[in-house]
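Visitor: just coords:
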């Protein structure tokens, strides 16, 4: 569950669509629900970082060209701890970036074995 630190608003809103790349021989995984898609793409540690650092965090399945739910969409944004004494690196967006980088550098952000088969695409069509 995202943090509730929205007293000073939310900032840095982004939306990403995570897609599987069709390699011509391997069938794409279709998802019955958002939870299945999240755990297909992301490690438990990555999902924890998102839950702890994001103030807005919404997810949705996206159908591919064949109508199958093979894609995952997320919209996220960050609140701020709101005091001028908080260093940028210690605020929610800074924590998200540093923790994500640590996990990515250790190949623990995306599930092992699929990182070369997925694509992150920016979208301006936010869920919320």
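Guide: Yep, that arrived. No experiment lies behind these values; they were computed from the predicted model shown. Residues are numbered from 1 along each chain as shown.
Visitor: which parts of this protein are strands?
Guide: 11-20, 56-63, 69-78, 118-122 (DSSP state E).
Visitor: point out the most buried one among the ones you listed.
Guide: Across those, the average number of neighbours (mean count of other CB atoms under 10 Å) peaks for strand 69-78, which reaches a mean of 22. The C-beta positions use only the backbone N, C-alpha and C, and glycine is treated the same way.
Visitor: packing partners for it?
Guide: strand 11-20, helix 34-41, helix 44-53, strand 56-63, helix 92-105 (3 or more CB pairs under 8 Å, 6 or more residues apart in numbering; DSSP states H and E).
Visitor: distance between the ends of stretch 15-30?
Guide: End-to-end distance of stretch 15-30 (CA to CA, to the nearest Å): 21 Å.
Visitor: now it: how far from the chain's centre is it?
Guide: Centroid separation for stretch 15-30 versus its chain: 16 Å, with CA atoms, centre = their mean, to the nearest Å.
Visitor: likewise stretch 88-104?
Guide: 13 Å.
Visitor: tell me the buried residues in that stretch?
Guide: Residues of stretch 88-104 classed as buried by neighbour count (16 or more other CB atoms under 10 Å): 91, 92, 93, 94, 95, 96, 97, 99, 103.
Visitor: ok, the fifth one - contacts?
Guide: Same thing as residue 95. Residue 95 sits next to 52, 53, 89 when contact means CB atoms under 8 Å, 6 or more residues apart in numbering.
Visitor: do the last one as well
Guide: For residue 103, the contacting residues are 43, 45, 46, 49, 109, by CB under 8 Å, 6+ apart.
Visitor: find the nearest non-adjacent residue to it, please.
Guide: Nearest non-adjacent residue to residue 103, counting by CB to CB, 6 or more residues apart in numbering: residue 109, 4.4 Å away.
Visitor: please consider this matter closed, and thank you.
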